[in-house]
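Visitor: below is the sequence, then the predicted model.
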Amino acid sequence: MKALIIVVSIFLTGCSTIDNNLLFKKSKQVDEQTQLKIEKKEIPNDELKVLEGIEESLESITSNITKLSLENTKTVEKISSKVNILEAKVASLQIALASKEEIDKKAVNQTNSTNQLGRENYQAAFELLKEGNYETARSSFIAFIELYQNSELIDDAKYWLAETYYAQSAYKQALEEFEKIQKEFPDSGKIPETILKSGFCYFELGNFEQAKRILNLVMNQYPNTSVARLAAQKLKTINLTPK
């Protein structure tokens, strides 16, 4: 009986040892798996830090680009403002010169009373334009155009009509009038100015490519003239304008 008890005791002790070994191995496996999970978590955390660093760098770069862009825009706006002032002065000079040259030159060939009356109406509309009374001048030029289709001043009247729109930033209407003159009066002395101003209108309307095409055309067709110089100045403005 004692021998049997001893044998059973030894057997139970062995089983206990085996169970302990199994528990130890299982615990070790759990520890290893936990360690792996920890290591796996550490890798994404490192990548996250790198990503955050990149995002911070990108944010800084974007901020600098925006700042430079704003500074460039302000510079362009200043240049555009100066160009617009110069263009306005040129327009005033054109008006002053026209009052002395164009009207008197064309009046020589106008001999009958109807044409003379038309000349007086044209002069009245022109005086309103010189004073900067654009809306009234516009109405007067429109009336002149309707009454005196055969006048030699008709192309001039239509040109200055277009200028009244341009002066008030109605660029779409101005463009339509300038382009009409090019089609209706291809031999007019106002053609260089109408082409130039068409380019200006396209620029103001945001069609930079068409504006550049027309302004280059002016420079090529009318070299060493005031319209060519104005075209070159406007091209510089276009090239500096943010797209």
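Guide: Perfect, thanks for sending it.

Visitor: can you list the residues that contact stretch 171-181?
Guide: 155, 158-159, 161-163, 165-166, 188, 190-191, 194-195, 197-198, 201-202, 204-205 (C-beta atoms under 8 Å, 6 or more residues apart in numbering). Any C-beta I mention is one placed from the backbone N, CA and C, and that applies to glycine too.

Visitor: let's see that with 7 Å instead.
Guide: 155, 158-159, 161-162, 165-166, 188, 190, 194, 197-198, 201, 204-205 (C-beta atoms under 7 Å, 6 or more residues apart in numbering).

Visitor: what's the ChimeraX syntax to select whichever of those are buried?
Guide: The buried residues among those can be selected in ChimeraX (16 or more other C-beta atoms under 10 Å) with this line:
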select :155,158,159,161,162,165,166,188,190,194,197,198,201,204
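
Visitor: list of residues touching stretch 186-196?
Guide: 155-156, 159, 178, 181-182, 214, 217-218, 222, 225, 227, 230-231.

Visitor: quick check: the two most widely separated of those?
Guide: Farthest pair in these (C-beta to C-beta) is 156 and 217. Separation: 22.4 Å.

Visitor: what segments of the chain are helices?
Guide: Taking DSSP state H as the test, the helices found in the chain are 2-100, 102-107, 113-130, 134-147, 154-167, 171-184, 191-204, 208-221, 226-240.

Visitor: output the contacting helices and strands for the fourth one.
Guide: Counting contacts by 3 or more C-beta pairs under 7 Å, 6 or more residues apart in numbering; DSSP states H and E, helix 134-147 is packed against helix 113-130, helix 154-167.

Visitor: only alpha carbons, please: show that helix as PDB.
Guide: C-alpha atoms of helix 134-147 as PDB (Å, rounded to 0.1, in the frame of the first residue of the first chain):
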ATOM      1  CA  TYR A 134     -18.700 109.900 -70.700                       C
ATOM      2  CA  GLU A 135     -22.400 109.000 -70.600                       C
ATOM      3  CA  THR A 136     -23.600 112.200 -72.200                       C
ATOM      4  CA  ALA A 137     -20.800 112.000 -74.800                       C
ATOM      5  CA  ARG A 138     -21.800 108.400 -75.500                       C
ATOM      6  CA  SER A 139     -25.400 109.400 -76.100                       C
ATOM      7  CA  SER A 140     -24.200 112.200 -78.400                       C
ATOM      8  CA  PHE A 141     -21.900 110.000 -80.400                       C
ATOM      9  CA  ILE A 142     -24.700 107.400 -80.800                       C
ATOM     10  CA  ALA A 143     -27.000 110.100 -82.100                       C
ATOM     11  CA  PHE A 144     -24.300 111.300 -84.500                       C
ATOM     12  CA  ILE A 145     -23.700 107.800 -85.900                       C
ATOM     13  CA  GLU A 146     -27.500 107.300 -86.500                       C
ATOM     14  CA  LEU A 147     -27.900 110.700 -88.200                       C
END
